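# Curious how this folds, go ahead:
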Amino acid sequence: MVVKSPRFPMFDLVKDKQYCFRVRSINKYGVSDPSDPSAPISLRKPQVMAIRDTDTSVLLQWQEPKDKDDILGYYLYYSEAGKQEWKTVNNKPVTKTRFIVHGLKTWKEYVFRVKSVSRAGNSRYSDESHPIMVKSAINVPSSPSAITLLLCTGSEMVLGWRAPFYNGGNSVRGYYLDQKEKGTETWREVNVKPAKEKQLKVGNTSIL
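Numbers count the residues shown, from 1 in each chain. Alright, predicted model coming up:
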């Protein structure tokens, strides 16, 4: 089969069976020799777990397939439990293995499934998650991340960070910054009142 694009979807491949591929080019003078074969590629379905988030959202997490180097992303699907009326969550593949699904109905039960996308095509759907009722989770948020020095002068510095990925089912009300001197083990709290923004100015004697 002659194709004009350097991309081509493959269908009807068997899950867990490995395939190798090669390509030839063609012009008006003839057909080239085949390329070197690709490394073995297989379709593997991921497993998905649903975790309670807010009263209108659910956090999904799933395991990467063993052959993760070939994975381009994932498509997510949801249905009300018992109905098998599946709807697509994302129009473009998600590249991470966690995603928050918004816009769900409070006190409704949902199930979720995932399929991976690789150079060999789409995997089969994962098994359904266990049904989960949408309501606020009562939990602490996950940790903030990516602390960065935004500004540094002779007398003060401004630090910034990323908000936690998981808010525990409620909005984050603020942040506490701790510090310790290099080579010591003792942390001390910098700000007495929680910082409302994702950055904080640290001076020699006070927090502004």
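# distance of the residue of the chain most remote from its centre from Arg22?
In the chain, the residue that sits farthest from the middle, by CA atoms, centre = their mean, is Tyr29; the gap is 47.2 Å. Tyr29 is 20 Å from Arg22, where distance means CB to CB, to the nearest Å. Just so you know, the C-beta spots here come from the backbone N, C-alpha and C atoms, and that holds for glycine as well.
# What's the first helix or strand after the worst-scoring helix or strand of the chain on mean pLDDT?
Ranked by mean pLDDT, DSSP states H and E, the weakest helix or strand in the chain is strand 41-42, scoring a mean of 60. Next along the chain after strand 41-42, taking DSSP states H and E as the criterion, comes strand 48-54.
# Check what contacts that next one and list those residues.
By CB atoms under 8 Å, 6 or more residues apart in numbering, the surrounding residues in contact with strand 48-54 are 58-62, 76, 100, 110-114, 126-130, 132-137, 166-167, 169-170.
# Restricted to helices, list those.
When the contacts of strand 48-54 are checked against helices (DSSP state H), there are no matches.
# Give me the residue ranges of this structure where confidence is low.
When residues are selected by pLDDT under 70, those of the chain lie in 1-18, 39-46, 66-69, 137-139, 168-170, 203-208.
# The residue nearest the centre of it: which element?
Here the mean C-alpha position of the chain is nearest to the C-alpha of Lys96 (CA atoms, centre = their mean), at a distance of 2.9 Å. Using DSSP H and E, Lys96 sits within no helix or strand.
# Make 6 the starting number, not 1.
In the new count, where the first residue is 6, that last one comes out as Lys101.
# any idea how far Arg118 is from it?
17 Å.
# same check, this time on Leu156
46 Å.
# and what of Leu154?
43 Å.
# Those two - which one has more neighbours?
Set Leu154 next to Arg118 and count neighbours by other CB atoms under 10 Å: Arg118 wins out with 22 against 10.
# show me what contacts the more buried one?
Contacts of Arg118 by CB under 8 Å, 6+ apart are 53, 81-83, 91, 130-134.
# before we move on, what about Lys201?
Gly179.
# hang on, Glu133 packs against Val116?
Yes - using CB atoms under 8 Å, Glu133 is in contact with Val116, at 4.5 Å.
# Next, count neighbours for Ser37.
A count of neighbours around Ser37, defined by other CB under 10 Å, yields 11.
# actually Thr59, sorry about that
Thr59 has 20 nearby residues by other CB under 10 Å.
# circling back: buried members of the contacts of strand 53-59 into PyMOL, please.
Filtering the contacts of strand 53-59 down to the buried ones (16 or more other CB atoms under 10 Å) takes a single PyMOL command:
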select buried, resi 63+64+65+66+67+81+115+116+117+118+119+131+133+134+137+139+142+171+172+174
